[in-house]
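In: Structure for this input, please:
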Amino acid sequence: MNPQALDLTNKLTQFHEYWAPRTITEFNGHDVMVVKICGDFTWHSHADTDDFFFVLQGTMFIDLPDDVVVQINPGQIFVVPRGVPHRPRAPEEVHLLLIEPSGTPNSGDIATAAPRRWL
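Out: Numbering: from 1, shown residues only. Model prediction:
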């Protein structure tokens, strides 16, 4: 156990790639991650888990079926229910905190998912 608080701002300065989440700690079988995004991700869904997004910096959008678009601003959280197709996107760089069950592929498909990376 490391009895220190985690500095999210510091963690986010340690990498520059987009759509490449970094696990910063674990919580009850879940990865707590930070990620930088910019541009459009692929449409995907997660059959076994909800998708949790907490915007730390910037403004992102999540496209949902039937042309629904959700805007998420700094300090806001949005959860995509399991099984719902969605596409995260950001016209400019956005910093996020994600919480997912360990091993959840970010693309919904293990074959195309970003590898698990620790900071």
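In: right, and the helix or strand after the helix or strand of the chain with the lowest mean pLDDT?
Out: Taking mean pLDDT, DSSP states H and E as the measure, the chain has strand 22-27 as its least confident helix or strand, at a mean of 95. As assigned by DSSP states H and E, the chain's next helix or strand after strand 22-27 is strand 30-40.
In: Give me the contact list for that following strand.
Out: For strand 30-40, contacts defined as Cβ atoms under 8 Å, 6 or more residues apart in numbering pick out 8, 11-12, 15-26, 56, 60, 87-102, 104, 116, 119. For every residue, glycine as well, the C-beta is placed using N, CA and C.
In: Going by neighbour count, which of those are buried?
Out: 11-12, 19, 21-24, 56, 60, 88-90, 94-100, 104 (16 or more other Cβ atoms under 10 Å).
In: Surely R87 is in contact with W43?
Out: Yes. Using Cβ atoms under 8 Å as the test, R87 is close enough to W43 to be in contact (4.6 Å).
In: Are there residues contacting both of these two? Which ones?
Out: D63.
In: all strands of this protein, in order?
Out: 22-27, 30-40, 51-57, 60-64, 68-72, 77-80, 87-101 (DSSP state E).
In: Tell me which other helices or strands the first one touches.
Out: When you say that, I think you mean strand 22-27. When contacts are defined as 3 or more Cβ pairs under 8 Å, 6 or more residues apart in numbering; DSSP states H and E, strand 22-27 packs onto helix 8-12, strand 30-40.
In: Please put the alpha-carbon coordinates of it into PDB.
Out: Listed next in PDB are the C-alpha coordinates belonging to strand 22-27 (Å, rounded to 0.1, in the frame of the first residue of the first chain):
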ATOM      1  CA  ARG A  22      -3.300   4.800 -17.900                       C
ATOM      2  CA  THR A  23      -4.200   2.900 -14.700                       C
ATOM      3  CA  ILE A  24      -3.300   4.900 -11.600                       C
ATOM      4  CA  THR A  25      -4.800   2.700  -8.900                       C
ATOM      5  CA  GLU A  26      -7.200  -0.100  -8.400                       C
ATOM      6  CA  PHE A  27     -10.500   0.100  -6.400                       C
END
